[in-house]
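>>> what would the 3D arrangement of this be:
(4 chains)
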Number of protein chains: 2
Amino acid sequence: MLISEQYYLNKSKFLVAADCIVFGFKDKELHILLTRRPVQPQYGEWSLMGGFVGENESLETAAKKVLFEYTQQRGIYMEQVNAYGEVDRDTGGRVISVAFYALVRLEEFDTSLAQKFDARWINIKDLPQLVFDHNKMVEDALTLLRFKVSMQPIIFNFFDGKFTLPALQDLYEAIYQRPIDKRNFRKKLASMDILDKLHIKETFSSKRGAFYYIFNEEKYKAYLASGKYYSL
Amino acid sequence: MLISEQYYLNKSKFLVAADCIVFGFKDKELHILLTRRPVQPQYGEWSLMGGFVGENESLETAAKKVLFEYTQQRGIYMEQVNAYGEVDRDTGGRVISVAFYALVRLEEFDTSLAQKFDARWINIKDLPQLVFDHNKMVEDALTLLRFKVSMQPIIFNFFDGKFTLPALQDLYEAIYQRPIDKRNFRKKLASMDILDKLHIKETFSSKRGAFYYIFNEEKYKAYLASGKYYSL
DNA sequence: ACAAAAGTGTTCACACTACACCCATGG
DNA sequence: CCATGGGTGTAGTGTGAACACTTTTGT
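Sure, this is the predicted structure:
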């Protein structure tokens, strides 16, 4: 019987990074928070934000730390995308990266942070070339996001509580990159019965004004229990 | 401007393992290849098979190596499930694991290998408690497998080329753990038109015998191009 | 008054479900 | 001849897609 030391010893160790694909919703378009790489090699090129995992951190903890550093928000919705471990993926050294996507409330975003880190919100339609395999990470994150969003009500994490139906539809259209029929969209939402209509209107994006809605957790549970399944 | 050395230096490094959830189909049930953990701590307990990633290996390469070691098969269909990085997940040391699921052709499996590694094919219905977070890995792998199998024709990797429709249905039922209507199943397959019927019968599981079919890659491409989407 | 966005129903096609009987063969 | 598993069609239901006009209000 081997003992632990023989088994774990003399094995290669690796730098492990957590890279975050931070999604935000702005100007009816999906945006990603990108930064300029602060070190050589590839200094100054567009990059996802990331950080190395510390000795006493889980992958999730490391990712949360990165997110907090760049956004000062806590309780951000986050999900693991994949691990990336090609030998030469990082031109600066052997690094294994675990990618997470995150959904942030962009209205709350402190623009001074953008200055500090030379970070910008880039429309996903205008995605530049990124360092290493970061473009692949974004692609994978988008694929996963599209799937998740159609199955679970995670999309409300983009909003600070309340939202209007036109805005919600714009968001879905931005994520799927395809137009959605207004009537079908609202009909489906109505039949799910997971939202509460507020009696306040949002009046700055139209003259008439659109009613605010909020997501109702209880109704969502009832919807799940009902056995009906719609996908948005 | 920081240079690379300052950035990458003095960061924690980690053991990284590739753990494999090896699925096989036998006796109308889905099975997983499990082994007895060969080292302390938790010596002799049920475990997935895994191995540490080497200096010049990608995660995929490491997983392929593990798969080859235990099955002697090459070209095994494999897909990454997730990375697992809780600080205390491995009671023997800090290890970050990347899980992969694999689909193997169980008919080709060399049972002498099972002896050598103290490995066994366990019915997923009778899954024992596994070491560390391996049960969670299996759960995640199953969820992913179920999704993938319904969307893409990866299920044929369980067979050595040809298969009968009853066997294919049994396999789907084993994966989903729910009965499927025979006529609906066959009707859907027929409308997809991605299989070729051979004029040979498999005669050992019934008196009448069931026709063999093979997956036709070209037809599958045509099916994709047609824009029709069925999910199995 | 008019421009601009919010809001609202109906019809049609098609995929999914449920369901029962005959066929071929080995023993 | 009978037991065992292989093979086949139809009708109903519900979700997804297409489609146009009225309402509200600020300018």
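
>>> report how many residues lie close to A:Ile227.
Careful, residue A:227 is Gly; it's not Ile. As a burial measure, A:Gly227 scores 6 neighbours (other CB atoms under 10 Å in any protein chain shown). Bear in mind the C-beta positions are built from the backbone N, C-alpha and C, glycine included.

>>> could you list the low-confidence segments of chain A?
Residue ranges of chain A with pLDDT under 70: A:1-5.

>>> okay, now the domains of chain A?
A:14-151, A:161-226 (automatic domain parsing).

>>> briefly note if the longest one comes near DNA strand D.
Same thing as domain A:14-151. No - Domain A:14-151 lies out of reach of DNA strand D by CB under 7 Å from any atom of the strand, never closer than 9.1 Å.

>>> ok, the helix or strand hosting A:Leu67 near chain B or not?
Here A:Leu67 is covered by helix A:59-71, with elements defined by DSSP states H and E. Yes - legend: contact between helix A:59-71 and chain B by CB under 8 Å from any CB of the partner chain is shown at A:Leu59, A:Glu60.

>>> check which helices and strands that helix is in contact with.
On a contact count with 3 or more CB pairs under 8 Å, 6 or more residues apart in numbering or on different chains; DSSP states H and E, helix A:59-71 meets strand A:13-26, strand A:29-36, strand A:49-52, strand A:77-84, strand A:95-103, helix A:111-117.

>>> mind giving me the packing neighbours of the longest one?
Right, strand A:13-26. strand A:29-36, strand A:49-52, helix A:59-71, strand A:95-103, helix A:134-151, strand B:13-26.

>>> and chain A, which residues reach DNA strand C?
A:164-166, A:181-184, A:186-187, A:205-211.

>>> of the residues you listed, grab the buried ones for PyMOL.
The following PyMOL line selects those of the residues of chain A next to DNA strand C that are buried, judged by 16 or more other CB atoms under 10 Å in any protein chain shown:
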select buried, chain A and resi 164+165+166+210
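
>>> can you narrow the residues of chain A next to DNA strand C to ones near DNA strand D?
The subset of the residues of chain A next to DNA strand C within reach of DNA strand D, by CB under 7 Å from any atom of the strand, is A:Asp181, A:Lys182, A:Arg183, A:Asn184, A:Lys187, A:Lys207, A:Arg208, A:Gly209.

>>> distance between the ends of stretch A:153-169?
One end of stretch A:153-169 sits 13 Å from the other (CA to CA, to the nearest Å).

>>> out of the ones next to DNA strand D among the residues of chain A next to DNA strand C, which are inside helices?
Counting by DSSP state H, the part of these found in helices is A:Lys182, A:Arg183, A:Asn184, A:Lys187.

>>> buried residues in the helix holding A:Leu67, which are they?
Using 16+ other CB under 10 Å as the test for burial, helix A:59-71 gives A:Leu59, A:Glu60, A:Thr61, A:Ala62, A:Ala63, A:Lys64, A:Lys65, A:Val66, A:Leu67, A:Tyr70, A:Thr71.

>>> sort out which one of these lies nearest chain B for me.
Nearest to chain B, judged by CB to the nearest CB, of these is A:Leu59 at 3.4 Å.

>>> give the contact list for that closest one.
If you count contacts by CB atoms under 8 Å, 6 or more residues apart in numbering or on different chains, A:Leu59 has them with A:Val16, A:Ala18, A:Val53, A:Gln80, A:Val98, A:Phe100, B:Ala83, B:Tyr84, B:Gly85, B:Ile96.

>>> enumerate the residues of chain A near chain B.
Counting by CB under 8 Å from any CB, chain A sits next to chain B at A:1-4, A:6-8, A:11-16, A:38-41, A:43, A:52-60, A:80, A:82-87, A:92-96, A:98.

>>> hang on, the earlier thing: now distance to B:Leu224 too, for the domains of chain A, in a markdown table please.
Shown next, in a markdown table, are these (distance: least, CB to CB, whole Å):
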| stretch | distance to B:Leu224 |
| --- | --- |
| domain A:14-151 | 16 |
| domain A:161-226 | 18 |
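
>>> out of those domains, which is closest to B:Ile32?
domain A:14-151 (21.3 Å; CB to CB).

>>> quick one: end-to-end distance for the closest one.
35 Å.

>>> can you check stretch A:178-197 too?
26 Å.

>>> that one: how far from the chain's middle?
Mean-position distance between stretch A:178-197 and its chain equals 23 Å (CA atoms, centre = their mean, to the nearest Å).

>>> so what's the residue nearest the centre of chain A up against?
The centroid of chain A falls nearest to A:Ala102 when counting by CA atoms, centre = their mean (2.7 Å). Residues in contact with A:Ala102 (CB under 8 Å, 6+ apart) are A:Cys20, A:Ile21, A:Val22, A:Phe23, A:Ala63, A:Leu67, A:Ile76, A:Tyr77, A:Met78, A:Glu79.

>>> sorry, back to before: let's have the contacts of A:Leu59 in TSV, adding neighbour count.
Below are the contacts of A:Leu59 laid out as TSV (neighbours: other CB atoms under 10 Å in any protein chain shown):
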residue	neighbour count
A:Val16	25
A:Ala18	28
A:Val53	30
A:Gln80	19
A:Val98	27
A:Phe100	26
B:Ala83	24
B:Tyr84	25
B:Gly85	27
B:Ile96	24
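
>>> now, which of these sits nearest B:Ala222?
Checking the contacts of A:Leu59 one by one against B:Ala222 (CB to CB), the nearest turns out to be A:Gln80, at 35.4 Å.

>>> A:Gln129 - how many residues pack around it?
8.

>>> that one - that's part of a helix, no?
No - per DSSP: H, G, I helix; E, B strand; the rest coil, A:Gln129 lies outside any helix segment and is coil.

>>> so how far is B:Lys64 from it?
According to CB to CB, to the nearest Å, A:Gln129 stands 30 Å off from B:Lys64.

>>> now A:Asn157, what's its secondary structure?
Going by three-state DSSP: A:Asn157 is helix.

>>> typo on my end, A:Gln6
helix.

>>> now it, nearest residue through space, not along the chain?
The shortest distance from A:Gln6 to any non-neighbouring residue, by CB to CB, 6 or more residues apart in numbering or on different chains, is to B:Val39 (7.5 Å).
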